[in-house]
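**Q** Predicted model and sequence below, questions to follow.
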Amino acid sequence: MTKLTNDAQVEALLFVSGDEGVKLSELTAAIECTESTILDSIARLQAKYIEDEASALMLVKHGQQYQLVTKSELAPTVHQYFTAPITSNLSQSALEVLAIVAYQQPITRISIDELRGIKSNAMLQKLVMRNLISVQGRAEEIGRPNLYGTTDYFLDYFGLDTLDELPELGTAAALEHLQMSDDREDEVPLFEETQSAFKTDLLDESEKQ
């Protein structure tokens with residue numbers, strides 16, 4: 001078996017940390033290396049992404065957090081993907097994340113992951129790009145992760161006037177049904193049909209609790 005390099009381990013942790021990023025201290029603790037060793041790895045990765053014109057990634061630092069992001073020139077491509085008709089419908093996985101945000105907001109990505117039992121980075125990014133959710137501050141906890149909440153467009157999208165019109169789920173335990181497999185990718189139609197499917201699914205499942 002090939003021995004993992006420090007660079008590979010740093011890259012892996014940057015990847016799984018998603019939009020939250022990761023601190024130098026967290027990298028040193030996870031990889032059990034000195035700060036100078038990790039900084040050398042970060043510098044090599046930054047140089048690799050810059051020099052490789054075929055790579056879509058960049059390694060940046062915002063405050064104390066290091067993050068992997070897509071290169072700015074790819075912004076139009078990413079935006080086109082999330083807004084094109086082929087991806088305009090919400091998958092069950094995206095709807096699942098959206099429901100958790102709607103009922104538990106403001107909520108961090110880590111809390112969403114814990115409820116679902118799987119990573120939610122991609123779904124969160126898709127919902128942000130669709131303007132259904134947005135970052136609405138930072139949590140007062142270690143790392144100060146982003147807090148997500150629904151937008152005004154979310155209400156318009158589902159034909160709601162206020163969040164009070166969401167179907168009642170009672171307690172947080174009623175959200176346990178949302179911990180479903182991420183391989184459910186059946187598409188849910190937009191607007192009225194989406195609203196109906198969204199409410200019916202949540203109400204039916206809450207009645208089973």
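**A** Good, I have the coordinates.
**Q** What is the host helix or strand of Ile110 packed up against?
**A** In the assignment (DSSP states H and E), Ile110 maps to helix 109-116. Applying 3 or more CB pairs under 8 Å, 6 or more residues apart in numbering; DSSP states H and E, one finds that helix 109-116 contacts helix 92-104, helix 121-129, strand 146-150. Placement of C-beta: from N, CA and C, glycine included.
**Q** Any chance of JSON lines for these, columns mean pLDDT?
**A** Formatted as JSON lines, the helices and strands packed on helix 109-116 follow (pLDDT from 0 to 100):
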{"stretch": "helix 92-104", "mean pLDDT": "87"}
{"stretch": "helix 121-129", "mean pLDDT": "85"}
{"stretch": "strand 146-150", "mean pLDDT": "93"}
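**Q** rewinding a little: mind listing what's buried along the helix holding Ile110?
**A** Using 16 or more other CB atoms under 10 Å as the test for burial, helix 109-116 gives Arg109, Ser111, Ile112, Asp113, Leu115, Arg116.
**Q** out of the residues you listed, who's nearest Gln64?
**A** Nearest to Gln64 among those is Arg109, at 17.4 Å by CB to CB.
**Q** Quick check: of the buried residues of helix 109-116, which lies closest to Lys48?
**A** Closest approach to Lys48 among the buried residues of helix 109-116 (CB to CB): Arg109, at 26.7 Å.
**Q** can you give me the angle the helix holding Ile110 makes with helix 92-104?
**A** Using axes from the mean of the first three to the mean of the last three CA atoms, to 10 degrees, the inter-axis angle of helix 109-116 relative to helix 92-104 is 110 degrees.
**Q** pull the CA atoms of helix 109-116 into PDB?
**A** What follows is helix 109-116, C-alpha atoms only, in PDB (Å, rounded to 0.1, in the frame of the first residue of the first chain):
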ATOM      1  CA  ARG A 109     -23.700  22.300   7.900                       C
ATOM      2  CA  ILE A 110     -22.300  20.000  10.600                       C
ATOM      3  CA  SER A 111     -25.700  19.900  12.300                       C
ATOM      4  CA  ILE A 112     -27.300  19.100   8.900                       C
ATOM      5  CA  ASP A 113     -24.800  16.300   8.300                       C
ATOM      6  CA  GLU A 114     -25.500  14.900  11.700                       C
ATOM      7  CA  LEU A 115     -29.300  14.800  11.000                       C
ATOM      8  CA  ARG A 116     -28.800  13.200   7.600                       C
END
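**Q** For that helix, what is the distance to the chain centroid?
**A** 9 Å (CA atoms, centre = their mean, to the nearest Å).
**Q** And stretch 24-39, by the same measure?
**A** Computed by CA atoms, centre = their mean, the separation of stretch 24-39 from the middle of its chain amounts to 25 Å.
**Q** same thing with stretch 153-170?
**A** With CA atoms, centre = their mean as the basis, stretch 153-170 stands 21 Å off its chain's centre.
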